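Peer 1: turn this into a model:
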Amino acid sequence: MKRSQVNEIIKQSDEFIRSFGFRLPGFAYWSVEEFRKNAPRAAGIIEAGLGWDITDYGAGDFDKMGLFLFTTRNGSQADLSAGGGMCYAEKIMISRHDQISPMHRHILKTEDIINRGGATLAIEMFESDPDGQLDPKAPVPVVCDGMDYEFEAGHVLTLQPGESVTLRPGNWHKFWGEGGDVLIGEVSAVNDDNTDNIFTDPIGRFASIEEDTAPLHLLVSDYESFLK
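Peer 2: As a prediction, this is how the structure comes out:
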């Protein structure tokens, strides 16, 4: 992805988020220089991977396959392993009309996916076989707003604004906005996007950025190279 495209997606996404009354934290709007200046006391932001996250999954066509995310909070794997402390994470996301977030599962993370507003959120679901691979026949057990359901393999669950689904490790899922763009909330266990995403196809979690202009704001994937 070109940096100019990333900058424009940030602007559009911030406007879309604000239209639903949601506000991002102050550090979201730091310039590169402000981030560098604040880096010593922002170690928790950097280490937890909080901030802007825009991906085309390495496919090079964000409109067809991609996702906007902003991680607002994220605990530590140490706390999760110990069973106490900050064991949770939260994201706000935007899935555009017919924009696919490809089929994947998580190894450790349980997550609630919530339609926070906009169009319909469509989620195609499968269960894992004993080896962790996608099982094309096994029924899929999930919880929707506190109620248990069991769907057929490949079922497309549709969530209207205010509705949610709980996805546990082993639940394969891909999703998209149906009929328009969707604001999505994610409340989950501690999030590790470097190791806890398993895709059916060999794709990348983060986008490769072509620096055709200066960053408007840093992405989570920029921290290592820009804040050394």
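Peer 1: any idea how far stretch 179-190 is from the chain center?
Peer 2: Chain-centre distance of stretch 179-190: 7 Å, with CA atoms, centre = their mean, to the nearest Å.
Peer 1: whoops, stretch 133-145 was the one
Peer 2: That offset, for stretch 133-145, works out to 20 Å (CA atoms, centre = their mean).
Peer 1: who touches that stretch?
Peer 2: Contacts with stretch 133-145, where a contact means CB atoms under 8 Å, 6 or more residues apart in numbering, come from 103, 105, 125-129, 148-155, 157, 159, 163-168, 171-172, 200. From N, CA and C alone the C-beta is placed, and that goes for glycine too.
Peer 1: give the buried subset of those as a ChimeraX selection command.
Peer 2: Of the contacts of stretch 133-145, the buried ones go into a single ChimeraX selection, burial set by 16 or more other CB atoms under 10 Å:
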select :103,105,125,126,127,128,151,153,157,159,164,165,166,167,171,172
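Peer 1: in strands, which of the contacts of stretch 133-145 appear?
Peer 2: 103, 105, 125-128, 148-151, 157, 159, 164-167, 172 (DSSP state E).
Peer 1: give me the number of residues near residue 90?
Peer 2: Residues contacting residue 90 under the criterion other CB atoms under 10 Å number 17.
Peer 1: okay, and it sits in which element?
Peer 2: Applying DSSP states H and E as the criterion places residue 90 in strand 88-95.
Peer 1: gap between the most centrally placed residue in the chain and residue 197?
Peer 2: With distances taken as CA atoms, centre = their mean, residue 69 lies nearest the centre of the chain, 4.9 Å away. Distance of residue 69 to residue 197, computed by CB to CB, to the nearest Å: 12 Å.
Peer 1: touching, residue 121 and residue 158? I think so.
Peer 2: Yes. The criterion here is CB atoms under 8 Å, and residue 121 meets it with residue 158 at 7.0 Å.
Peer 1: so for these two, which sits in the more crowded spot?
Peer 2: Counted by other CB under 10 Å, residue 121 and residue 158 do not tie: residue 121 has more neighbours, with 27 against 12.
Peer 1: how far away from the center of its chain is the helix or strand in which that one is found?
Peer 2: Following DSSP H and E, one finds residue 121 within strand 111-128. In terms of CA atoms, centre = their mean, the centre of strand 111-128 is found 12 Å from the chain centre.
Peer 1: neighbouring strands for that strand, and are they parallel or not?
Peer 2: strand 134-135 (antiparallel), strand 156-159 (antiparallel), strand 164-167 (antiparallel), strand 172-189 (antiparallel) (DSSP bridges).
Peer 1: quick one: mean pLDDT for the shortest one?
Peer 2: The average pLDDT for strand 134-135 rounds to 98.
Peer 1: got it, and stretch 158-165?
Peer 2: 98.
Peer 1: now the end-to-end length of it.
Peer 2: End-to-end distance of stretch 158-165 (CA to CA, to the nearest Å): 10 Å.
Peer 1: go ahead and name everything in contact with it.
Peer 2: 112-118, 120-123, 142-145, 157, 178, 185.
Peer 1: residue 131 belongs to a helix?
Peer 2: No. Looking at residue 131 with DSSP: H, G, I helix; E, B strand; the rest coil, it is coil, so not inside a helix.
Peer 1: so how far is residue 170 from it?
Peer 2: 11 Å.
Peer 1: compare the two (neighbour count), which wins?
Peer 2: The neighbour comparison of residue 131 against residue 170 (other CB under 10 Å) goes to residue 170, with 19 against 6.
Peer 1: which residues touch that one?
Peer 2: If you count contacts by CB under 8 Å, 6+ apart, then residue 170 has 105, 127, 128, 132 around it.
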